[in-house]
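K.L.:
Need coordinates for the following:
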Amino acid sequence: MRFSGKNLGLAAFGVALAAAGSVLLDGSSHGAARAPVATMPATPAPVVPVVQRTVPVYLDFVGTTEAIRTVTAEAQVTGYLDSQAIPDGADVSQSQLIYQIDPRNYHAALTRRRRRLAATPLL
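P.N.:
Model prediction:
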């Protein structure tokens, strides 16, 4: 490997700089007595007896979940919801009641039709 004059000059300068720094840093302590170091009293720490027992293991993970199948529930009739039979996100089976629609409007319409039918003469 060939060394150029520039590389040798930079290397020599680096070695000289390191030597001067170590002399300056170390030279301040020669001949002078070191000051005694004050010691801090020990801080008391609480101590408890060791107890062996089974503890639950919790595993927390960050992630995204996706449903296997998403189903949209649509009402066959319109109306105001009276009650919800099953909480959101629960498993349901076919033909299971999920929501109850307020029946008052439908009972009123049925009563009007029956009255109209009773008032109509038969041919």
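
K.L.:
Could you use CA atoms for every contact and neighbour count after this?
P.N.:
Will do.

K.L.:
How confident was the prediction at the residue nearest to the spatial centre of the chain?
P.N.:
Note on the chain: the residue nearest the mean C-alpha position is Val62, at 6.2 Å, using CA atoms, centre = their mean. pLDDT, Val62: 92.

K.L.:
residues contacting it?
P.N.:
Applying CA atoms under 8 Å, 6 or more residues apart in numbering to Val62 gives no contacts.

K.L.:
pLDDT weak spots in the protein?
P.N.:
Scanning the chain for pLDDT under 70 picks out the ranges 1-8, 23-35, 123.

K.L.:
that older thread, before we move on, which element is the residue nearest to the centre of the chain in?
P.N.:
Take DSSP states H and E as the rule and Val62 turns out to sit in neither a helix nor a strand.

K.L.:
Now do it against Ile68, distance only.
P.N.:
Going from Val62 to Ile68 by CA to CA, to the nearest Å gives 19 Å.

K.L.:
Check Ala20 too.
P.N.:
Separation of Ala20 from Ile68 (CA to CA): 72 Å.

K.L.:
residues near Pro49, how many?
P.N.:
Counted with other CA atoms under 10 Å, the neighbours of Pro49 add up to 5.

K.L.:
Backbone torsions only: list them for it.
P.N.:
Note on Pro49: its backbone torsions stand at phi -70, psi 150 [degrees, to the nearest 10].

K.L.:
Check the one 10 residues further on too.
P.N.:
Comment: the main-chain dihedrals of Leu59 come out as phi -120, psi 120, following degrees, to the nearest 10.

K.L.:
For Gly79, give me its contacts.
P.N.:
Contact analysis of Gly79 by CA under 8 Å, 6+ apart lists Ile101, Asp102, Asn105.

K.L.:
Buried among these? Make that a ChimeraX selection.
P.N.:
In ChimeraX syntax, the buried subset of the contacts of Gly79 is picked out as below (16 or more other CA atoms under 10 Å):
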select :101
